[in-house]
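Enquirer: Provided below are the primary sequence and the corresponding predicted coordinates.
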Amino acid sequence: MTSYKIKSLYYPGSGIDFSTIGYFIENSSIETFYYSDYLNDQFRPDSILGELRTQLPNYKINQIADIKPSYFNKSRWDEFWCDESDGQTFSGRKENSFIALYRIELLDKTWELFYFGTEAIETYRVLLENKIKIDLVVTQDHGMGCLWTTFCEGSYLEAIANVKDQMPRYLLVGTDHQAWKGYKQISKPFGVFGVHEHPRKMYQLDSQSVDFFEFKGRYDRLYRRNLNSNK
């Protein structure tokens, strides 16, 4: 059995793919999961708890806190939303934002899941700016035409990690998509993840010799309306 050296995972556009939680609990030393999805009309803290218990029946799972923006050094919910997405897609609304914290237990082991009902790109930047080290990012361009953005090669997510110089050690990438630059494939396709049951491949950071200015340009375009060079 493969065992990955992972303490934390970020999953943008996660929906209710909790099979990923089960897999990495069994195949890594993970401690904390960070999920983000703004399909707020469907996903609320209580319904997420129900899905967790359904998909992970062998675990004891409880919601232990409603997290406020101040926990991540923000004062307003709109700081978890990128201006480019504007929070007004047909499924996402800034006013419906939430962060729910869940505890997952099995025997004497405990894991935490932070579920962000917020926009995934800006939420990733918030996590990195709070010095939260992300060891693995799950990338899969899926669901409703990806709405306003993508997460795989060429994405704003990739640009943020590069500009902040906080590249994750691993990526879990859908088999039909490309990993970020500087990563090498280290596994064959495996698993059945997400509502579309995609197999995925693991990649590991192989080189950080990438064109910084390419990523800086992409990052600046993302924040052209609210870019703060001190962020």
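Expert: On my side now, so go ahead. Numbers count the residues shown, from 1 in each chain.

Enquirer: list the contacts for the closest residue in space to Ser19 that isn't next to it in sequence?
Expert: Nearest non-adjacent residue to Ser19, counting by C-beta to C-beta, 6 or more residues apart in numbering: Phe193, 5.8 Å away. Glycine gets a C-beta too; all of them are placed from N, C-alpha and C. Applying C-beta atoms under 8 Å, 6 or more residues apart in numbering, one finds that Phe193 lies in contact with 17, 19-20, 23, 140, 172, 199-200.

Enquirer: So which residues of this structure form strands?
Expert: Secondary structure of the chain, counting by DSSP state E: strands at 8-12, 32-36, 60-67, 99-106, 109-116, 136-139, 170-174, 183-185, 190-193, 198-205.

Enquirer: What are the contacting residues of the second one?
Expert: When contacts are taken as C-beta under 8 Å, 6+ apart, the neighbours of strand 32-36 outside the stretch itself are 7-14, 21, 24, 111-116, 118-120, 123-124, 127, 132, 134.

Enquirer: same question, the last one
Expert: The set of residues that contact strand 198-205 without belonging to it, under C-beta under 8 Å, 6+ apart, is 4, 138, 140, 142, 167-176, 179-180, 182-193.

Enquirer: Report the buried members of those residues.
Expert: Buried by 16 or more other C-beta atoms under 10 Å: 4, 138, 140, 142, 167-174, 179-180, 182-183, 191, 193, out of these.

Enquirer: circling back to that earlier point, quickly check the contacts of Phe193 for the two that are furthest apart.
Expert: Using C-beta to C-beta, these span at most 14.1 Å, a distance reached by Tyr23 and Gln140.

Enquirer: give me the number of residues near the residue lying closest to Leu9 once chain neighbours are set aside?
Expert: Leaving aside its chain neighbours, Leu9 sits nearest to Leu136 (4.6 Å; criterion: C-beta to C-beta, 6+ apart). Other residues lying near Leu136 total 25 when counted by other C-beta atoms under 10 Å.

Enquirer: same check, this time on Glu51
Expert: Glu51 has 15 nearby residues by other C-beta under 10 Å.
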